[in-house]
Each structure stands twice: as C-alpha cells, then as structure tokens.
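Mind looking at a prediction? Sequence and model below.
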Amino acid sequence: MQNRIYLMRVPEAAAELGVKLSAFYEGAHAGIYPKPFKIGLKASRVPSDEVSAVVAARIAGKNDDQLRALVANLTKARTDHAPADAA
C-alpha cells in the first residue's frame, strides 16, 4: 500500500507527533517540528510526509539537533516541489 501525502491540520499533526498543540508550536518555532504554512486566511497545514519523517526520526533515536537538520532539509524541499510557473 502506498502512503498518500496530504496536508494535515495542525492539531492532527500535533496528535501524530504525540504532543499538545502548544508544544507543537514551540517545537516548530525551535525547528524540531515542521512549520505549518498558510493555505488561506484562517487555515494552516503541515505536509503529512514531513510529520511522518519526524516521527520515524524520533523512533530511530535522533536527538534535537539531528531533528533540526532533518526539518531544515524537509522545509527546503518544499520549494523544490513547486511547479515551475509558481515563481
């Protein structure tokens, strides 16, 4: 079965990571969780594949510095997936 990438609501991302919403925002600010991005005036989302990657890294025993590096790479990759005419 292939995993489908989708845009998670922020509370769903926090639950997937096993943290409270406030801890998720603190972790996103600290760079250990992926930062949500706006999809509308009042809506933000987090890519599910980024959340899954952080969960897998935590399971593998990665420390916070390693998570920061992972999240930085994941965030950079967001722009690599943008359509060519979206500049």
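Received the coordinates, thanks. Numbers count the residues shown, from 1 in each chain.

how would you label the most centrally placed residue in the chain: helix, strand or coil?
The centre of the chain sits closest to residue 34, judged by CA atoms, centre = their mean, with a distance of 3.0 Å. Under DSSP: H, G, I helix; E, B strand; the rest coil, residue 34 falls in the coil class.

how near is it to residue 46?
5 Å (CB to CB, to the nearest Å). In this view, the C-beta of every residue, glycine as well, is placed from N, C-alpha and C.

and if you look at residue 39?
Distance from residue 39 to residue 46, by CB to CB: 10 Å.

need the helices for the chain, in chain order.
With DSSP state H as the criterion, the chain has helices at 10-17, 21-30, 48-59, 64-80.

now for these, which one comes closest to residue 3?
Nearest to residue 3 among the helices of the chain is helix 48-59 (7.3 Å), distances taken as CB to CB.

Run the chain-centre distance for that closest one.
8 Å (CA atoms, centre = their mean, to the nearest Å).

ok and that helix relative to helix 10-17, angle-wise?
For helix 48-59 against helix 10-17, the angle by axes from the mean of the first three to the mean of the last three CA atoms, to 10 degrees is 30 degrees.

mind checking pLDDT for residue 24?
Here the pLDDT value assigned to residue 24 is 98.

Does it touch residue 9 like I think?
No. Counting by CB atoms under 8 Å, residue 24 stays clear of residue 9, with 11.3 Å between them.
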